[in-house]
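Undergrad: give me the fold of what follows.
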Amino acid sequence: MSTSSQKTADDAGSAHPARYWHRLDDGRLQCDLCPRDCRLAEGQRGACFVRMRSGDTMVLTTYGRSSGFCVDPIEKKPLNHFYPGTPVLSFGTAGCNLACKFCQNWDISKSRDMDRLMALASPQRIADAAAANDCVSVAYTYNDPVIFAEYAIDTALACRARGIYNVAVTAGYINPAARRDFFAVMDAANVDLKAFTDEFYWKLTGAHLQPVLETLAWLRSDSDVWVEITTLLIPGANDSDNEIAALSRWVLAEMGAETPLHFTAFHPDFKLTDRDGTPATTLTRARKIALETGLRHVYTGNVHDSEGGTTRCAACGATLIRRDWYRILDYRLDEHGCCPDCGTALAGRFAAHRGNFGPRRVPLYKL
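TA: The predicted structure follows:
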């Protein structure tokens, strides 16, 4: 297995030695990053497109190259229990190791044009930009960051050195060794649990459900990462009462009652344009099922729903955080992150005072 070394600001943007591979007896190199286990001859790329065999080694072709940078509210990731109201510097690269027919960021994640990646930035420059823009955290997002793990890990280390948190927005499709290294430098994650049947995963994403469940369970039992889960509900595909109930029961049993679960609305895109968008009533129904299952913090997204954006105390039910989309309207946590009415601590990560970044989106054209 080859190793990755820290890049400097002067050499960002070149192919970078990849970790997580081994040589097969037939001479091919197998990528061990994710459960696809791509086996590559000379010059071939993996299913993610960005991990490639070059001679007798594997390289990451997008190290130091991004599709762009933007300062977002943390609630957009979505993370409702991780330093609410604070700004997060968001970026991604190209490619993806899933093949979701409903991808909402397909122009980035499905890109095969490396020239689209015009923003060049070393890990140190990203950390510096986050600090300069008063960002509490950096989010590895837009496409799945597990496929640019070496770049994400190096950037996360540079951010930690500046006191900046790291957030992964991921589908969780990653093998155990890479999973351990990747999440060791993450402080929070929003994991897409895209459905609760393997049939859905195989037909609509080209992947499988079990590795995602294993990642989630591992995050709960073997890491200190704060985890929230998102399920995009697609009409007729993963929105039945039975499937929502089964998913909710699994989250309750394996992740705990206070793990936030977000149900978000689908809109027709990419290769799945023959279905209608998700009605708000479907999200309300899903939220009701999940709450009745025993989950304490269930949210709705991509719709106006004040109740579906409200955070309540798990013990007494008092309103603690009231939101309108990404805007915080009311924030009642005390300086210890506890309910002021009954003293129960709210699950998550909180500062003494909430942030006030609001719903802004601020593109950064130059780091």
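Undergrad: tell me what the spatially closest residue to Gly301 that is not a sequence neighbour is bridged to.
TA: Distances taken as CB to CB, 6 or more residues apart in numbering place Thr264 nearest to Gly301, at 3.7 Å, with adjacent residues excluded. Any C-beta I mention is one placed from the backbone N, CA and C, and that applies to glycine too. Beta bridges link Thr264 to Leu232, Gly301, judged by DSSP bridges.
Undergrad: ok, Thr264 touching Thr300?
TA: Yes. With contact defined as CB atoms under 8 Å, Thr264 reaches Thr300; the gap is 7.3 Å.
Undergrad: these two: who's more crowded?
TA: Thr300 (23 against 19; other CB atoms under 10 Å).
Undergrad: distance of that one relative to Phe357?
TA: 21 Å (CB to CB, to the nearest Å).
Undergrad: give me phi/psi at His22?
TA: phi -150, psi 160 (degrees, to the nearest 10).
Undergrad: give me the below-cutoff pLDDT ranges for the stretch 101-250 of the chain.
TA: Applying pLDDT under 70 to the stretch 101-250 of the chain picks out residues 105-119.
Undergrad: can you map out the strands along it?
TA: Per DSSP state E, counting those that start in this stretch, the stretch 101-250 of the chain carries strands over the ranges 119-120, 137-140, 165-170, 188-192, 226-233.
Undergrad: for the longest one, name the packing helices and strands.
TA: Going back to what we said before, that points to strand 226-233. strand 188-192, helix 210-222, helix 241-255, strand 261-265, helix 280-293 (3 or more CB pairs under 8 Å, 6 or more residues apart in numbering; DSSP states H and E).
Undergrad: ok, so what distance separates the residue most central in space within the chain from Gly64?
TA: In the chain, the C-alpha nearest the mean C-alpha coordinate belongs to Val169, at 1.0 Å (CA atoms, centre = their mean). Val169 is 20 Å from Gly64, where distance means CB to CB.
Undergrad: picking that back up, where do the contact lists of Thr264 and Thr300 overlap?
TA: Counting by CB atoms under 8 Å, 6 or more residues apart in numbering, the common neighbours of Thr264 and Thr300 are Leu283.
Undergrad: per-residue pLDDT of the residue nearest to Gly301, please?
TA: You'll see Thr264 listed with a pLDDT of 97.
Undergrad: who are the contact partners of it?
TA: Contact analysis of Thr264 by CB under 8 Å, 6+ apart lists 78, 230-233, 278, 283, 300-302.
Undergrad: which one of the residues you listed sits closest to Gln104?
TA: Leu232 (7.8 Å; CB to CB).
Undergrad: wait, what's in contact with the closest one?
TA: 102, 104, 192, 194, 264-266.
Undergrad: and the helices in the stretch 51-200 of the chain?
TA: Secondary structure of the stretch 51-200 of the chain (DSSP state H, counting those that start in this stretch): helices at 106-109, 123-132, 149-161, 176-183, 198-205.
Undergrad: please identify the most buried of those.
TA: Comparing these by mean neighbour count (mean count of other CB atoms under 10 Å), helix 149-161 ranks first with a mean of 23.
Undergrad: helices or strands up against that one?
TA: So helix 149-161, by 3+ CB pairs under 8 Å, 6+ apart, packs with strand 16-17, strand 57-60, helix 123-132, strand 137-140, strand 165-170, helix 176-183.
Undergrad: for Ile74, which of these is the nearest?
TA: Set against Ile74 and scored by CB to CB, the helices and strands packed on helix 149-161 come closest in strand 137-140, at 6.7 Å.
Undergrad: ok, Pro145 touching Val169?
TA: Yes. Applying CB under 8 Å as the test, Pro145 and Val169 come out as touching, 7.2 Å apart.
Undergrad: right, and the pair among the contacts of Thr264 with maximum separation?
TA: It's Pro78 and Thr278 that sit farthest apart of the contacts of Thr264, by CB to CB, at 15.4 Å.
Undergrad: follow-up on the earlier one: emit the PyMOL select command for whichever of the contacts of Thr264 are buried.
TA: Those of the contacts of Thr264 that count as buried under 16 or more other CB atoms under 10 Å are selected in PyMOL with:
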select buried, resi 78+230+231+232+233+278+283+300+301+302
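Undergrad: which one among the contacts of Thr264 gets closest to Asp198?
TA: Thr231 (15.2 Å).
Undergrad: contacts only, for the nearest residue to that closest one once chain neighbours are set aside.
TA: Among residues not flanking Thr231 along the chain, Leu193 sits closest, at 5.3 Å (CB to CB, 6+ apart). Applying CB under 8 Å, 6+ apart, we find Leu193 in contact with 172, 212-213, 216, 229-231, 247, 251.
Undergrad: buried subset of those as a PyMOL selection?
TA: Written as a PyMOL command, the selection of buried residues from these, which uses 16+ other CB under 10 Å, is:
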select buried, resi 172+212+216+229+230+231+247+251
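Undergrad: any chance of the contacts of Leu193 in TSV with distance to Arg125 as columns?
TA: Formatted as TSV, the contacts of Leu193 follow (distance: CB to CB, whole Å):
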residue	distance to Arg125
Gly172	28
Val212	32
Leu213	36
Leu216	32
Ile229	32
Thr230	29
Thr231	35
Leu247	40
Val251	38
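Undergrad: and which of the contacts of Leu193 is nearest Thr86?
TA: Nearest to Thr86 among the contacts of Leu193, counting by CB to CB, is Thr230 at 18.9 Å.
Undergrad: check contacts around that closest one.
TA: Neighbouring residues of Thr230 by CB under 8 Å, 6+ apart: 78, 190-193, 261-264, 301.
Undergrad: same question for Pro359.
TA: With CB under 8 Å, 6+ apart, Pro359 has these contacts: 73, 325-327.
Undergrad: okay, who's weakest in those residues by pLDDT?
TA: In terms of pLDDT, the lowest of the contacts of Pro359 is Trp325, showing 87.
Undergrad: brilliant, that's me finished.
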